[in-house]
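Engineer: Quick one, structure for this:
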Amino acid sequence: MEYRRLGKTGLMVSEIGFGAEWMEKKSAAEVRAVTARCEEAGINILDCWMAGPDVRSNLGAALADTRDSWIIQGHIGSTWQDGQYVRTRDMDLVRPAFEDLLARLGTDHVELGMIHYVDDVDEYEGIMAGPFIDYVRALKAAGTIEHIGLSTHSPEVGKRAALSGEIEMIMFSVNPAFDLLPASTSLETAFAFDYDDTLGGMDPARAELYALCEREDVGITVMKGYAGGRLFNAEASPFGVAMTPVQCIHYALTRPAAASIMAGFDEPTHVDDAVAYESASDEQKDYASVLADAPKHAYFGQCTYCGHCAPCTAGIDIATVNKFYDLAVMADEVPASVRAHYRALDARADDCTACEACEPRCPFGVPIAERMALASALFA
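Structural biologist: Numbers count the residues shown, from 1 in each chain. Here you go, the predicted model:
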């Protein structure tokens, strides 16, 4: 495993990281198995944004004997309310949620305290001028967090964070599909592909962000490097060609300031797929030739399972339902394992009331109510 310096934090992080969001809905034994495989491979950075008590406790148990060897990105502002994840800036909710994260992970500190999911410039400015940042500063002063980070999908928010002089690293969505997105200050349109007749290369705002982070020594940890797995399938990919995990990882890690990609692992073999990057040949890493001949496609409207559609008024885990639906439709018939996992959900697609309250929160413009109807019919 190769290690990279995470900007001005000075932390040496494995270039393959553990993005633990797929550990939700997993048993303690399954979480332990994936975590152990990560440790065997030399992975030393873990991202935990999930608010669910079970996944936090399971991760804490898995890390119990090796906590000191891990660098943890712990998110501030991700809360659990009425059995669902809710992103909030309400300090009466933020404080106990972060304390819960520490307690369930079995630690008294995290190396990276992440201001959770800020995609709106006005929201960012409010955070940096109000009680939220005061709380974050107090955590750092007390040693409860060692460094201040921020997660965002917005190049403009990322640039402001990089120039703040206080935020030392950012977690940013990086893959070859997202990098073609036009600049936007609107959350609703930030992830809409608006191609003309030809792809014109990387969006200037995103290129500027990478260069700025490199210049300011603000390290980047990468999220959504696989675009929710869409890039692995030619039919699902916006490019119309399939990429490999190694190619996606190489793309992400060749961006300026990128130190580590938080890869999503559903099982131990997925760790192996990512770690194969460390011994891959130049030919295996080559994503450029794959993309050069790719037909033009739009990405807008496709779910990457980010979870920002939550909370659902009917209690549905929308991201997981979408994941199971996509896995099912990629096969000739619904795999028995996918059907079993879907049936085990507390609330399923047929519980959807089609209220569409979730849809304005989706940065990708996914027609969620329509997708729930399709999933309900497919799994009936």
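
Engineer: Can you name the residues in contact with the helix or strand of the chain with the lowest mean pLDDT?
Structural biologist: One helix or strand of the chain scores below all others by mean pLDDT, DSSP states H and E: helix 288-292, with a mean of 72. Residues outside helix 288-292 that contact it (C-beta atoms under 8 Å, 6 or more residues apart in numbering): 176, 239, 241-243, 247. The C-beta positions use only the backbone N, C-alpha and C, and glycine is treated the same way.

Engineer: tally of neighbours for residue 157?
Structural biologist: Per other C-beta atoms under 10 Å, the neighbour tally for residue 157 reads 25.

Engineer: try residue 254
Structural biologist: Residue 254 is flanked by 12 other residues according to other C-beta under 10 Å.

Engineer: Against residue 281, how distant is it?
Structural biologist: Distance of residue 254 to residue 281, computed by C-beta to C-beta, to the nearest Å: 16 Å.

Engineer: Tell me where this structure has helices.
Structural biologist: Taking DSSP state H, the helices of the chain run over residues 28-41, 53-63, 91-105, 121-128, 131-141, 155-163, 204-216, 245-253, 268-275, 282-285, 288-292, 318-329, 336-343, 368-379.

Engineer: Save these as JSON lines, and put in distance to residue 77 too.
Structural biologist: Compiled in JSON lines, the helices of the chain are given as follows (distance: least, C-beta to C-beta, whole Å):
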{"stretch": "helix 28-41", "distance to residue 77": "23"}
{"stretch": "helix 53-63", "distance to residue 77": "15"}
{"stretch": "helix 91-105", "distance to residue 77": "6"}
{"stretch": "helix 121-128", "distance to residue 77": "9"}
{"stretch": "helix 131-141", "distance to residue 77": "7"}
{"stretch": "helix 155-163", "distance to residue 77": "14"}
{"stretch": "helix 204-216", "distance to residue 77": "21"}
{"stretch": "helix 245-253", "distance to residue 77": "24"}
{"stretch": "helix 268-275", "distance to residue 77": "28"}
{"stretch": "helix 282-285", "distance to residue 77": "36"}
{"stretch": "helix 288-292", "distance to residue 77": "35"}
{"stretch": "helix 318-329", "distance to residue 77": "18"}
{"stretch": "helix 336-343", "distance to residue 77": "29"}
{"stretch": "helix 368-379", "distance to residue 77": "23"}
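
Engineer: need the contact list for the residue most central in space within the chain.
Structural biologist: Here the mean C-alpha position of the chain is nearest to the C-alpha of residue 223 (C-alpha atoms, centre = their mean), at a distance of 4.1 Å. Applying C-beta under 8 Å, 6+ apart to residue 223 gives the contacts 19, 47, 151, 171-174, 262.

Engineer: May I have the beta-bridge partners of it?
Structural biologist: Residue 223 forms beta bridges with residue 173, as assigned by DSSP bridges.

Engineer: distance of it from residue 60?
Structural biologist: Look at residue 223 and residue 60: by C-beta to C-beta, they are 22 Å apart.

Engineer: Looking at the helices of the chain, which is nearest to residue 233?
Structural biologist: When the helices of the chain are ranked by distance to residue 233, counting by C-beta to C-beta, first place goes to helix 318-329 at 9.1 Å.

Engineer: Which secondary structure elements does that closest one sit against?
Structural biologist: For helix 318-329, the elements it packs on are helix 336-343, helix 368-379, judged by 3 or more C-beta pairs under 8 Å, 6 or more residues apart in numbering; DSSP states H and E.

Engineer: TSV please, covering the ones you listed and showing mean neighbour count and distance to residue 355.
Structural biologist: Formatted as TSV, the helices and strands packed on helix 318-329 follow (neighbours: other C-beta atoms under 10 Å; distance: least, C-beta to C-beta, whole Å):
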stretch	mean neighbour count	distance to residue 355
helix 336-343	13	21
helix 368-379	18	8
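
Engineer: picking that back up, mind telling me which of the helices of the chain the model trusts least?
Structural biologist: If you rank the helices of the chain by mean pLDDT, helix 288-292 sits at the bottom with a mean of 72.

Engineer: For that one, buried residues please.
Structural biologist: By neighbour count on 16 or more other C-beta atoms under 10 Å, the buried set for helix 288-292 is 290-291.

Engineer: hmm, back to that, of all the helices and strands packed on helix 318-329, which lies closest to residue 136?
Structural biologist: Minimum separation from residue 136 across the helices and strands packed on helix 318-329 (C-beta to C-beta) falls at helix 368-379, 31.7 Å.
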